[in-house]
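A structural model of the following input is requested.
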Amino acid sequence: MLQNTLAYFSHRPSRSVGFLFAVSSLLLGIWVAAIPQIKARLGLTDATLGLSLLLAPAGALTGVVISPRVFKRMEVGRWLFIGHFIYCLVFLAQVMAISPLMFWVALYFTGLLGFLNGVSTNAVVDLLESRYNRRIMSTSHGMYSLGGGLSAGLAAVFYSLHIPYPFQILIVACIIMLVLLLMRNHLLSYHDIITSDSSFQLPSGSLIGLAFICFVTFMGEGCVADWSAIYLKESLGSSKAVAGLGFAGFSVAMALGRLNGDNWIPRVGSKRMAITGSLVAAAGFLLAIGIPSIYAAIAGFTLIGLGFSCIVPILFSTAARVPGVNAVTGISAVATGGLIGFLAGPSMIGLVAEEYTVAAGLSIVFFLAILAAFTALRNKFLTNKAEVTASVQYPDQIL
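Numbers count the residues shown, from 1 in each chain. Coordinates of the predicted model:
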């Protein structure tokens, strides 16, 4: 992993796109820590806050529809700079909102810009992989995981120093925008128009299979994020300090898996990797809910993170190269499946837990993970043939 990561950071195009992957998670950690105070300051009830937070996914779904039109008209490099710069400003408005209306508008545009930024960065990774014949998709997604961990740590440091949350987001956003300005000329050098079709198309055929696997993966991630601590504390009787270790183990395993993924995937093959990852995640759910032990549950959630870690990078790389489908359409279709899973999963677990138990809710994701493995087995676009080399080692002349 170390050699692969060092090679990734020594290559300027990879390093730049990796920073863009980390931007949203760097801001997200500060935002999540500030939610209780924003709720109190704006006078929002629990119900109002819950409904308000749905505006971000609504913006993302709007992005699904308009992304082909946006990327037919704008060079991807121009969007990389403008989209991420405006994203920082919108996040500032979201955290510093002086009224519920301002908060709601900012949430909507955060979701919209976040989706478009995600499509553009994944499309650029596909361009770089083709240009240099090297895998960087998994490591790039690992940068998102690392950014989230760094952001959570920064939030803790800021609060320990008694820095108010508006200044926290201002500091982080200003640093990001400064780096974007320094990267501006490099980002604008991507002159590619990454779609030739301005109309939104529903996924069809085996692309639906890729979207379903992404649906299950994102559902699993959302369920672990929202329910692991509750399961450990309320169902297994852990302390508050221990309750967070389930998601911590999941996050660490996710980051480590993605940082190693660009070496693993070409050697194992994308199909075998997706099948194995789904089954490992299913085993993690079974371990977490099958043995009534705090330690078993933490180990299970960690195993889920490892299993799911490389699946989304595989899906995005595969979707970007589906014959007859441009990269934007393919990535958007897969990302839409993931978005629906991320939204539906935690709510579904809540409904089942209300009627039965949290373990019963999590068992649904266990069965879906097995179904995802079967779907990967039958999908014709996933292959066991290495399309690009395993190592992220670049010729000297392009460093």
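
after the helix or strand where Thr139 lies, which helix or strand is next?
Per DSSP states H and E, Thr139 falls inside helix 137-160. Sequence order places helix 165-187 as the next helix or strand after helix 137-160, per DSSP H and E.

with just CA atoms, put that following helix into CSV.
Output in CSV follows, covering the C-alpha atoms of helix 165-187 (Å, rounded to 0.1, in the frame of the first residue of the first chain):
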residue,chain,number,x,y,z
TYR,A,165,-18.2,26.2,14.3
PRO,A,166,-18.7,29.1,11.8
PHE,A,167,-15.0,29.9,12.1
GLN,A,168,-14.2,26.2,11.8
ILE,A,169,-15.9,25.9,8.4
LEU,A,170,-14.5,29.2,7.3
ILE,A,171,-11.0,28.1,8.0
VAL,A,172,-11.3,24.8,6.2
ALA,A,173,-13.3,26.3,3.2
CYS,A,174,-10.7,29.1,2.8
ILE,A,175,-7.8,26.6,2.8
ILE,A,176,-9.6,24.5,0.2
MET,A,177,-10.4,27.5,-2.0
LEU,A,178,-6.8,28.7,-1.8
VAL,A,179,-5.5,25.3,-3.0
LEU,A,180,-8.1,25.3,-5.8
LEU,A,181,-6.8,28.7,-6.9
LEU,A,182,-3.2,27.3,-6.9
MET,A,183,-4.4,24.3,-8.9
ARG,A,184,-6.5,26.4,-11.3
ASN,A,185,-4.3,26.3,-14.4
HIS,A,186,-3.8,22.6,-14.0
LEU,A,187,-7.5,21.9,-13.6
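
what residues of that helix count as buried?
Residues 165, 168-170, 172-173, 176-177, 180, 183, 187 are the ones in helix 165-187 that count as buried (16 or more other C-beta atoms under 10 Å). To be clear about C-beta, it is placed using only N, CA and C from the backbone, and glycine gets the same treatment.

tell me how far the helix holding Thr139 lies from the chain's centre.
With C-alpha atoms, centre = their mean, to the nearest Å as the basis, helix 137-160 stands 12 Å off its chain's centre.

cool, stretch 242-254 as well?
16 Å.

burial count for the residue lying closest to Leu245 once chain neighbours are set aside?
Nearest residue to Leu245, sequence neighbours excluded (C-beta to C-beta, 6 or more residues apart in numbering): Ile298, at 5.2 Å. By the measure other C-beta atoms under 10 Å, the count of residues near Ile298 is 24.

what's the closest residue to Ala155 other than its chain neighbours in contact with, if anything?
Spatial nearest neighbour of Ala155, chain neighbours left out: Ala33 (4.0 Å); criterion: C-beta to C-beta, 6+ apart. The contact partners of Ala33, by C-beta atoms under 8 Å, 6 or more residues apart in numbering, come to 152, 155-156, 159, 165.

which among those residues end up buried?
152, 155, 165.

just the closest of the residues you listed to Gly261, please.
Ala152 (22.1 Å; C-beta to C-beta).

what sits against the closest residue to the closest one other than its chain neighbours?
The shortest distance from Ala152 to any non-neighbouring residue, by C-beta to C-beta, 6+ apart, is to Gly29 (4.5 Å). For Gly29, the contacting residues are 147-148, 150-152, 154-155, by C-beta under 8 Å, 6+ apart.

check the offset of the helix or strand Gly29 falls within from the chain's centre.
Element membership of Gly29 [criterion: DSSP H and E] is helix 12-42. Taking C-alpha atoms, centre = their mean, the mean C-alpha location of helix 12-42 is offset from the chain mean by 12 Å.

buried ones in it?
Residues of helix 12-42 classed as buried: 13-14, 16-31, 33-34, 38-39, 42 (neighbour count, 16+ other C-beta under 10 Å).
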